[in-house]
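J.: no sequence for this one, just the structure:
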Ligand SMILES: Cc1cc2nc3c(=O)[nH]c(=O)nc-3n(C[C@H](O)[C@H](O)[C@H](O)COP(=O)(O)OP(=O)(O)OC[C@H]3O[C@@H](n4cnc5c(N)ncnc54)[C@H](O)[C@@H]3O)c2cc1C
């Protein structure tokens, strides 16, 4: 009973630590380290003529000032382009410190190291950079006109251009299908910029050990293993001499998968050069202007459909605002392009995107990673089709669903992992049925009429999505049972608060038959596990979860073998319950896992009483076999990897009821309902928590958040005063229901859940507002002021 | 986000505080609750050479209320004033407004007088002082002076408090019998500064007709905009006032600007909506207080 934990709402083991202030985040470390601060470009586009540091030299406590000129070897080279792609013909990345030209406000120009951050900032304020202003390129459509260039050697400001075409079964192209369709519609849809905005910003703390010639780096990252490789490569250090640890991380949401950040290279470099510990903790303004944003895209949609609303042809043209650089390749528009089709069978599909450079902060994935935009396109399209045909919006969706019997379903495209976009499993009709029941879809017209009678305006909206999760290439797990009976689990990917310590412990406890209290989990520490990819794309449970399960199974097999020897039983007759191996049906014939662990490691020296049992003279052993048999290893350890052939596809459907104030145009979400399918649930409470957080961020994207750039490329709202993330008071209560269609692709049958909540929120809220107001909503987010303007415009149009 | 260097003073008494401020002159700044000043320092938008921290001057933490009104000391925190029964009895608008100021944790530190000196045109307390025709008492080595609200708010983030002066208290007058007040606003998120907001004070005569009505609007001008609408209301019972006309009269007097949160048009519209809502609320309260018809 105590050991059957998979699927249980086990309380998060990390919470006691985190909510009582025992968490150790980057800035809690290295109290005596020197502090780094940066002079960052105040201009969106400028040439650096000169850097004059003379006034800063007298600041007491100043240790060093570095510009690009000071950077040696590979550190002076452009930062890596992490995910190359043939369509990214003009990929560009920045430098650790700007070289010649700055391309967005916030780009680092000078690094200052000083006794503390106060002094470092004082010195920064005294450094004078002489800039020659260049014409800023702001706004994706303006940039596409290419009057001015962000990169002198990138014509048209075009970084990438990609077309994907999926013909219908009969071989027609999307454009032909649209031409031939009984009904066609064409419209434009816009999504604004937002950002991951973790409450803990980025941060790096490095310690150089001169005696050992080794480097330890702490980074608030989503990938410590890859930061390690990048740091070793850039600094020319042998990999075994570099260790990177992700301590407690206060949120990532995508921005911390990007690496190496300039600071991740510069801080370790300075630490080694100076022989001193150096730390940099990002402040909020830096995070706004120097990390990464996402979401901004313009979409032109054309769709052809039949009388039942079945989509015969869909043609989407996307302008993707990539900001100044493309360190993470074109993953975001690829995901929009491929995930746009959601749970639907689209007759023929053509999607084209152009990635455009602008003089703004670079764009890299933020939770959802292109999906919210794609889902906004598809779901707004479904609503338009329904409106055009005068049909129920859910009926039109149902008419297009892939049916449960049609899996695996091949969408005919290449997904973000370079593999075919083949859905593994799902049950979309059932999902929709559950959703409609939960929100009361069928009785809503009556509710709406009642509200109208009271002078209230309410509306309902629905949105569906499919999310490719658990992308490869691999993750690993290491499991060790020590002679005290404790189980030590480690995996290389990192945690940012999701609950990995709990979920991985549940998996290990279930697989090994031990109480969860005996299991400890370490993530993101290259000292414990050197091979990993990272935490992104809703992949931790799928990738590391399965790897840990497989590693546990190895350890279990070994434990049973050792125990079988000791108990003189057949391993096939043994079970493990509560940390004790026993013969099935004969609980007295048993041996604790602790003892098994002792016996698994033949000893010469008894370091304690337990250990005596494993020493050479302790008991009978067969003289014709070596103490450690061929193919075996001492100790109760197992390591295994999970590498999937392709992604698993989670899905979900959301519905919301909103109320709009007829006078003030305020928008309130009255109910928010989620039906979610991530395959087998490891911990339903944690999945719900992930959904809640995701919906919260989705509400931000739908109603509050935008990056307000002016025409000069200045970000006008680079603080929490004016960049409005929803508070708890703005996030509605979220009602959830789960559907479990296990993934056939992995041993645990799980799919990812991390990003799900955020994906359809803008589509759902837009639909609900549209239903309430009878006004077409084609751009998000929407504020009361925006809604007021829409009302006024609509009224004026009617009068004209 | 670290402040530039400054000298820190923590006077133990008023005299010492005034001396420190006099010595610092234009380079001095008072630190009260710090809820506005500390962010400005950390973003290096302000760089005073001297900070005079008045948090040790416990004698300034008083709230004195009587039939004439409420005198709020410079160290009285928003939260304390909000919860003060005597303040509420003498001038209910204080609590009505304070519940709209930021969030509880900020109200626990921020001070009413600090908010007045800070003179943010979106803030509630300057509006309340302006609506009620209150005053701020400023002290310096040279003595004390009282500045009327109408003269105190000079521009956005600019008050009549001069270098070397400490605002020691503010006085919020009570209203006559059969008066009511209300504060209505729309903020983007709970606790944010208002996109637009209106406070109203209405006094009824013995026949429960409107004898005086005033509103003050926030976030629609460089300072709180007070508009006396007694005339437009006519000497009528609230139920027969042409509220739309009143709203239009106020809309004509404001100068809203557009920003990233709202257009000028929306602010004007919203102000009109809130004028009606606040005046009706205030009239209702006035009638209830006088036990007349609502
Ligand atoms: C997140 C957040 C949200 C907020 N939302 C609102 C809101 O919705 N509405 C609102 O009204 N306010 C809001 N505030 C501001 C808050 O009310 C502040 O507390 C207030 O504006 C200033 O009061 P303080 O005591 O903190 O002053 P401080 O920050 O200490 O000082 C502010 C300014 O006033 C000067 N000053 C202060 N006291 C005196 C004095 N006695 N004599 C002379 N000069 C003085 C200081 O030198 C400084 O220039 C918000 C603040 C935050 C952080």
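T.: Here it is on my side, so go on. Worth saying up front: this structure is predicted, and the values here are computed from it rather than measured.
J.: dump the residue contacts of the residue nearest the centre of chain B.
T.: Nearest to the mean C-alpha position of chain B, by CA atoms, centre = their mean, lies residue B:125 at 1.6 Å. The contact partners of residue B:125, by CB atoms under 8 Å, 6 or more residues apart in numbering or on different chains, come to B:97-98, B:101, B:112, B:115-116. Backbone N, C-alpha and C define where each C-beta goes, glycine included.
J.: likewise residue A:411?
T.: A:166, A:338, A:341, A:421-423.
J.: ok, back up a step: so which helix or strand takes in the residue nearest to the centre of chain B?
T.: Take DSSP states H and E as the rule and residue B:125 turns out to sit in helix B:124-132.
J.: Hey, what's the angle from the following helix or strand past that helix to helix B:124-132? Just curious.
T.: Later in the chain than helix B:124-132, the nearest helix or strand by DSSP H and E is strand B:135-140. With axes from the mean of the first three to the mean of the last three CA atoms, to 10 degrees defining the directions, strand B:135-140 sits at 110 degrees from helix B:124-132.
J.: Which strands border strand B:135-140, and is each parallel or antiparallel?
T.: Applying DSSP bridges to the sheet, strand B:135-140 is found paired with strand B:143-148 (antiparallel), strand B:166-173 (antiparallel).
J.: which stretch among those comes nearest residue A:189?
T.: Of all these, strand B:166-173 sits nearest to residue A:189, with 51.0 Å by CB to CB.
J.: So what touches that closest one?
T.: Taking CB under 8 Å, 6+ apart as the rule, strand B:166-173 contacts B:14, B:17-18, B:21, B:30, B:52, B:54, B:60, B:62, B:68-74, B:91, B:93-94, B:112-113, B:116-117, B:128-129, B:132-140, B:144, B:146, B:161.
J.: Can you turn the buried part of those residues into a ChimeraX selection?
T.: Restricted to buried positions by 16 or more other CB atoms under 10 Å in any protein chain shown, the ChimeraX selection for the contacts of strand B:166-173 reads:
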select /B:14,17,18,21,30,52,54,60,69,70,71,72,73,74,91,93,94,112,113,116,117,128,129,132,134,135,136,137,138,139,140,161
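J.: in the chain, what spans have low per-residue confidence?
T.: As the question left the chain open, I've gone with chain A. Scanning chain A for pLDDT under 70 picks out A:1-4, A:620-621.
J.: Chain B, not that one
T.: Residue ranges of chain B with pLDDT under 70: B:290-294.
J.: Those residues of it touching the ligand, which are they?
T.: Within reach of the ligand by CB under 6 Å from any ligand atom, chain B has these residues: B:29-37, B:74, B:101-102, B:106, B:110-111, B:113-115, B:117-118, B:123-125, B:161, B:166-167, B:192-193.
J.: and the residues you listed, which of them are in strands?
T.: B:29-31, B:166-167 (DSSP state E).
J.: quick one: the strands in the stretch 101-250 of chain A?
T.: A:101-102, A:108-114, A:128-133, A:158-166, A:183-191, A:203-209, A:214-219, A:242-245 (DSSP state E, counting those that start in this stretch).
J.: what comes up buried for stretch A:169-185?
T.: Within stretch A:169-185, the residues scored as buried using 16+ other CB under 10 Å are A:172-174, A:176-178, A:181, A:184-185.
J.: Just name the closest of the residues you listed to chain B, please.
T.: residue A:185 (29.7 Å; CB to the nearest CB).
J.: which ones are touching the closest one?
T.: Going by CB under 8 Å, 6+ apart, residue A:185 touches A:301-303, A:305, A:381, A:384-385, A:388.
J.: how far away is it from the ligand?
T.: Note on residue A:185: its distance to the ligand, by CB to the nearest ligand atom, to the nearest Å, is 44 Å.
J.: Ok, residue A:19 next?
T.: On the measure of CB to the nearest ligand atom, residue A:19 and the ligand end up 22 Å apart.
J.: Could you find the residue in chain A that comes nearest to the ligand?
T.: residue A:721 (6.8 Å; CB to the nearest ligand atom).
J.: and the longest helix seen in chain B, what does it pack onto?
T.: Ranked by residue count and defined by DSSP state H, the top helix of chain B is helix B:264-289. Contacts defined by 3 or more CB pairs under 8 Å, 6 or more residues apart in numbering or on different chains; DSSP states H and E place helix B:264-289 against helix A:784-799, strand B:179-187, strand B:194-204, strand B:210-218, helix B:243-251.
J.: ok, the fourth one: who's next to it in the sheet?
T.: In the sheet containing strand B:210-218, the strands it pairs with under DSSP bridges are strand B:194-204 (antiparallel), strand B:225-228 (antiparallel).
J.: quick one, which of these is nearest to residue A:527?
T.: Of the strands paired with strand B:210-218, nearest to residue A:527 by CB to CB is strand B:194-204, at 51.6 Å.
J.: roughly how far out does the closest one sit from the chain middle?
T.: 12 Å (CA atoms, centre = their mean, to the nearest Å).
J.: now the angle between helix A:784-799 and that strand, please.
T.: 80 degrees.
J.: For residue 68, list the residues it contacts.
T.: I'll assume chain A. For residue A:68, the contacting residues are A:76, A:95-99, by CB under 8 Å, 6+ apart.
J.: not quite, I wanted chain B
T.: B:90, B:173-174.
J.: Quick check: phi and psi at it.
T.: Taking degrees, to the nearest 10, you get phi -80, psi -20 for the backbone angles of residue B:68.
J.: Tell me the spacing between it and chain A.
T.: From residue B:68 across to chain A, the span is 36 Å (CB to the nearest CB, to the nearest Å).
J.: picking up where we left off before, so what angle separates the directions of the helix holding residue B:125 and strand B:179-187?
T.: What separates the directions of helix B:124-132 and strand B:179-187 is an angle of 150 degrees, with the same axes, to 10 degrees.
J.: does the closest residue to residue B:4 other than its chain neighbours count as helix, strand or coil?
T.: Distances taken as CB to CB, 6 or more residues apart in numbering or on different chains place residue B:47 nearest to residue B:4, at 4.6 Å, with adjacent residues excluded. Following DSSP: H, G, I helix; E, B strand; the rest coil, we place residue B:47 in the coil state.
J.: Equivalent analysis for the one 4 residues further on, please.
T.: Here residue B:51 is recorded as strand under three-state DSSP.
J.: Check residue B:189 too.
T.: Residue B:189 - assigned by three-state DSSP - is coil.
J.: Hmm, residue A:730 and it touching each other?
T.: Yes: taking CB atoms under 8 Å as the definition, residue B:189 is a contact partner of residue A:730 at 5.4 Å.
J.: Name the residues contacting each of the two.
T.: Joint contacts of residue B:189 and residue A:730 (CB under 8 Å, 6+ apart) are residue A:704.
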